[in-house]
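Colleague: Please find the sequence and the predicted model below.
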Amino acid sequence: MSPTFRSLHNANYRRYAAGGVVSNTGTWMQRVAQDWLVLVLSGGSGMALGITTGLQFLPTLLLAPFAGLVADRLPKQRLLQLTNLGMALPALVLGLLAVTGSAQIWHVYVLAVVLGVSSAFDAPARQSFVSEMVAPEDLSNAVGLNSASFNAARLVGPGLAGVLIAALGGGAVATGWVILANAVSYAAPIAALRRLDPARLDTPAPQERGPGAIREGVRYVRDRPDLLLILAIVFVVGTFGLNFQITSALMATEVFGKGAGEYGALGTFLAVGSLAGALLAARRPRVRHRLVVGAALVFGAIEVVAGLAPTYLTFALLAPVLGLTSLTMITAANTYMQMNTGAGMRGRVMALYLMVFMGGTPLGAPVVGWIGEEMGARWTLILGGGTTVLGVAVAAAVFLASARRRQVPQDAVLAPF
């Protein structure tokens, strides 16, 4: 088997990945449909888009440490079935409200929070569950393939959602049918999880109940400068750079005067580069923090260039480059955190990682939406990319200075990719 796909020799991982492709496709369809529904209900408000995105990720910011502790204490195979059901229900309710013409903007806000709560518990369990399905030497490959699966779905989902919304009339009712399709798609990962062979899972012993377990995870990360560097980078990029849901919608509608089909196509173009980045990551046997720094810097610079794109075609051609650089950074950061963390601590560490990475969105998304309304859509990319470059450069400089104080050998700090 090709080294790019070597984790697929594992039967449990094959089933898990297959269920993920179906669910991820539905998730990307809903992302486009939900954003379009918000635009319809709010009269094209960028601020409303930012609020919706922020509310959806707010539970991650608030609940991630507790969710990570739950992931370390409960069997992840069972926990993930419950979280997938918890994400299907708000999609079902929102879809029915939209189809019946009853949806209002506050419904979207409330259900975004409900979805976010289930997602907050799903993410650390899903991230750390990969290491229970595959051998340690295949972990980097499996993380890369997970990203490839997510972005393969991203190739299909946004474009399909855009086509369906346009074909069904382009209004709120049309978005409702797409959101209902996502609700049904959660049946695939639930069925896949039920079919996994427990005997072939390397399940660590559940962590004992006791006070201070969350603080223990925080201390573990605090005492690791390399992990702190990764967390600083993903916070900056996640808060200021990765607001494509808002920026793509505003660029497509306000700057270039396009409709749902062209907006959905931008997500597909972005996914082309993201899929390429994920497949390249799957071939990489190990990851060093230098790769995370470099990819984040290049991503920020390309985002600034995208903000200056003169035409829709130019913007669309830059989208795959944005996808490639952002996915390289995300996959490298995720892999580094998992491969350099002890098994008994992995759920809590990955929860902190996700809290910093995804939890920054509630802070950045409303600001990005406000910038889009007050200064124009282009400035959401220009300022977001510029802030990313500056923030990553500062984090790397602080890490290098700390390494010199600790007298860490320079070749260890700046090791090859």
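Modeller: Happy to help now that I have it.

Colleague: residues touching the residue sitting nearest the centre point of the chain, list them.
Modeller: Nearest residue to the geometric centre of the chain (C-alpha atoms, centre = their mean): residue 358, 7.1 Å. Going by C-beta atoms under 8 Å, 6 or more residues apart in numbering, residue 358 touches 57, 60-61, 123, 238. Placement of C-beta: from N, CA and C, glycine included.

Colleague: how about a cut-off of 10 Å?
Modeller: Applying C-beta atoms under 10 Å, 6 or more residues apart in numbering to residue 358 gives the contacts 56-61, 64, 116, 119-120, 123, 234, 238-239, 242.

Colleague: now it: how far from residue 160?
Modeller: Distance, residue 358 to residue 160, using C-beta to C-beta, to the nearest Å: 25 Å.

Colleague: Would you state the predicted confidence (pLDDT) at residue 22?
Modeller: If you check residue 22, the pLDDT there is 92.

Colleague: so it sits right up against residue 152, yeah?
Modeller: No. Here residue 22 lies out of contact with residue 152, judged by C-beta atoms under 10 Å, at a distance of 11.1 Å.

Colleague: What separation do you get for the residue nearest to the centre of the chain and residue 123?
Modeller: In terms of C-beta to C-beta, residue 358 sits 7 Å off from residue 123.

Colleague: overlap in contacts of these two?
Modeller: Counting by C-beta under 10 Å, 6+ apart, the common neighbours of residue 358 and residue 123 are 60, 64.

Colleague: Now residue 317: closest residue in space that isn't a chain neighbour?
Modeller: residue 269 (7.8 Å; C-beta to C-beta, 6 or more residues apart in numbering).

Colleague: residues in contact with the one you found?
Modeller: Neighbour list for residue 269: 155, 158-159, 248, 315-323 [criterion: C-beta under 10 Å, 6+ apart].

Colleague: Buried residues, stretch 76-86. List them.
Modeller: By 16 or more other C-beta atoms under 10 Å, the buried positions in stretch 76-86 come out as 76-77, 79-84, 86.

Colleague: out of these, who's nearest residue 390?
Modeller: Comparing those against residue 390 with C-beta to C-beta places residue 83 closest, at 35.9 Å.

Colleague: who's in contact with the closest one?
Modeller: By C-beta under 10 Å, 6+ apart, the contact set of residue 83 is 67, 70-71, 76, 117-123, 125-126, 186, 189-190.

Colleague: Need phi/psi at residue 134.
Modeller: Main-chain dihedrals, residue 134, degrees, to the nearest 10: phi -120, psi 160.

Colleague: Contact partners for it?
Modeller: Residue 134 neighbours (C-beta under 10 Å, 6+ apart): 6-10, 12-13, 16, 140-143, 145, 202.

Colleague: Low-confidence stretches in the protein?
Modeller: Counting by pLDDT under 70, the chain contains low-confidence residues at 1-3, 204-214, 244-246, 260, 282, 285, 343-344, 359-362, 406-417.

Colleague: Can you tell me how far the nearest residue to residue 226 once chain neighbours are set aside is from residue 397?
Modeller: Distances taken as C-beta to C-beta, 6+ apart put residue 289 closest to residue 226, at 5.7 Å, once the chain neighbours are dropped. For residue 289, the distance to residue 397 equals 14 Å [C-beta to C-beta].

Colleague: Name the residue in those two with the higher neighbour count.
Modeller: Shown here are residue 289 and residue 397; by other C-beta atoms under 10 Å, residue 289 has more neighbours (22 against 10).

Colleague: isn't that one right up against residue 332?
Modeller: Yes. Using C-beta under 10 Å, residue 289 is in contact with residue 332, at 8.2 Å.

Colleague: Next, the buried residues of the helix ranked longest in the chain.
Modeller: Counting residues, the longest helix found in the chain (DSSP state H) is helix 11-42. Judged by neighbour count (16+ other C-beta under 10 Å), helix 11-42 contains these buried residues: 12-13, 15-42.
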